[in-house]
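Undergrad: here you go, sequence then predicted model.
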Amino acid sequence: MAIARLSIVALLSPADWVEFGFVRDAVGTSDSALSKQVSALADAGYVEVRKTRDRTGRHTHLRLTPHGRDAFRRHASALERIVAAARTPPA
């Protein structure tokens, strides 16, 4: 998983729906770069995108799908195993 996508998925993991602008600012990227990464995650079935409109304008919200949550848990577990192995002193 690319670093930008991992950052997005990690940010969405503990939440339900998250506003696009919040994700953009938290990840420190542009609208267009975030849109590209979100599209890739949505195409993989990891992220759901909801677009709404109200009197204040258009809003885009993101959330992980169950498939995305499971993939993130597996990926995080694999990274934790790698880090644990790196911290184990050689015999």
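TA: Cool, the structure landed. Residues are numbered from 1 along each chain as shown.

Undergrad: report the residue spans of this structure with pLDDT below the cut-off.
TA: Where the chain drops to pLDDT under 70, the residues are 1.

Undergrad: max-length helix in it?
TA: Longest helix in the chain, counting residues (DSSP state H): helix 66-87.

Undergrad: helices or strands up against that helix?
TA: In terms of contacts (3 or more Cβ pairs under 8 Å, 6 or more residues apart in numbering; DSSP states H and E), helix 66-87 is packed against helix 3-12. All C-beta atoms are positioned from the backbone trio N, CA, C, and that covers glycine.

Undergrad: any idea which helix or strand comes after the helix it packs on?
TA: strand 18-19 (DSSP states H and E).

Undergrad: and the contacts of that following strand?
TA: 11-12, 59-63 (Cβ atoms under 8 Å, 6 or more residues apart in numbering).

Undergrad: ok, Ala4 - contacts?
TA: Shown in contact with Ala4 (Cβ under 8 Å, 6+ apart): 27, 29, 33, 37.

Undergrad: save these as JSON lines, and put in distance to Ala4 too.
TA: Compiled in JSON lines, these are given as follows (distance: Cβ to Cβ, whole Å):
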{"residue": "Val27", "distance to Ala4": "7"}
{"residue": "Thr29", "distance to Ala4": "7"}
{"residue": "Ala33", "distance to Ala4": "7"}
{"residue": "Gln37", "distance to Ala4": "5"}
